[in-house]
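In: Okay, sequence plus prediction incoming.
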Amino acid sequence: MDPQTLTAQQIAPFLAPLLPYLLKGGKLAAQEAAKKLGEQFGKQTFDFAQALWEKLRGKQNVAQVAQAAAALPDNQALREALREEIARALQEDPALREEVTRLMQSEVVQRVLAESKSQIYDVRQEAEGGPAHQEVRARGDSVVKGVRQIHKRK
């Protein structure tokens, strides 16, 4: 199986349930999607979906099929057509293929969470390469000291 088809097989099912929000756009759509996905991972997932959609929506056939798939979300044929159009767009546009491949690389997620009266000391987070999300969160009467976050891009 060629890389474009494999990538399209990953992208299409991921984007399909989010298309109504992606096509709507704006902050309100992002908030609605975050609620649907769950608060913990909703924003990150939607941000990633928006980044992918920004790359793909400029392809007319992808955008047209996405509109139809969003209008009829249970139509498996339209989901398959979306996958095919994404694969075709990636095959025909090497620059797009490179950008989408870069986005699809595994994201590094590092979290340190402290709840109610917690303390966080001397945390070092290092990530290398593609996308990374580094987070330190403290709630209540928490104290955060000595945190260092490093993201080395290749």
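Out: On my side now, so go ahead. Numbering: from 1, shown residues only.

In: only C-alpha atoms for contact and neighbour calcs from this point on.
Out: Noted.

In: Does the one residue sitting closest to the centre of the chain fall in a helix, a strand, or a coil region?
Out: For the chain, the residue sitting closest to the mean C-alpha position, by Cα atoms, centre = their mean, is F48 at 1.8 Å. Following DSSP: H, G, I helix; E, B strand; the rest coil, F48 is assigned to helix.

In: Can you give me the distance of it to V100?
Out: 11 Å (Cα to Cα, to the nearest Å).

In: Give the residues shared as contacts by these two.
Out: Counting by Cα atoms under 8 Å, 6 or more residues apart in numbering, F48 and V100 have no contacts in common.

In: so where's the chain shaky on pLDDT?
Out: Per-residue confidence for the chain (pLDDT under 70) gives these ranges: 1-6, 26-27, 29-30, 33-34, 36-44, 105-111, 129-134, 153-154.

In: Where do the helices of it begin and end?
Out: Applying DSSP state H to the chain gives helices spanning 3-15, 19-24, 26-37, 39-56, 60-71, 76-92, 94-104.

In: Output those in CSV, with distance to I120 appended to each entry.
Out: Formatted as CSV, those follow (distance: least, Cα to Cα, whole Å):
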stretch, distance to I120
helix 3-15, 35
helix 19-24, 37
helix 26-37, 28
helix 39-56, 20
helix 60-71, 44
helix 76-92, 44
helix 94-104, 31
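
In: List just the one of those that sits closest to R139.
Out: helix 39-56 (15.2 Å; Cα to Cα).

In: Let me see the domain layout of this structure.
Out: Following automatic domain parsing, the chain resolves into domains at 3-104, 108-152.

In: Single out the most deeply packed of those domains.
Out: The highest mean neighbour count among the domains of the chain, using mean count of other Cα atoms under 10 Å, belongs to domain 3-104: a mean of 17.

In: got the contact list for G140?
Out: When contacts are counted by Cα under 8 Å, 6+ apart, G140 touches 115-118.

In: on that earlier part again, relative to R102, how far out is the residue nearest to the centre of the chain?
Out: 12 Å.
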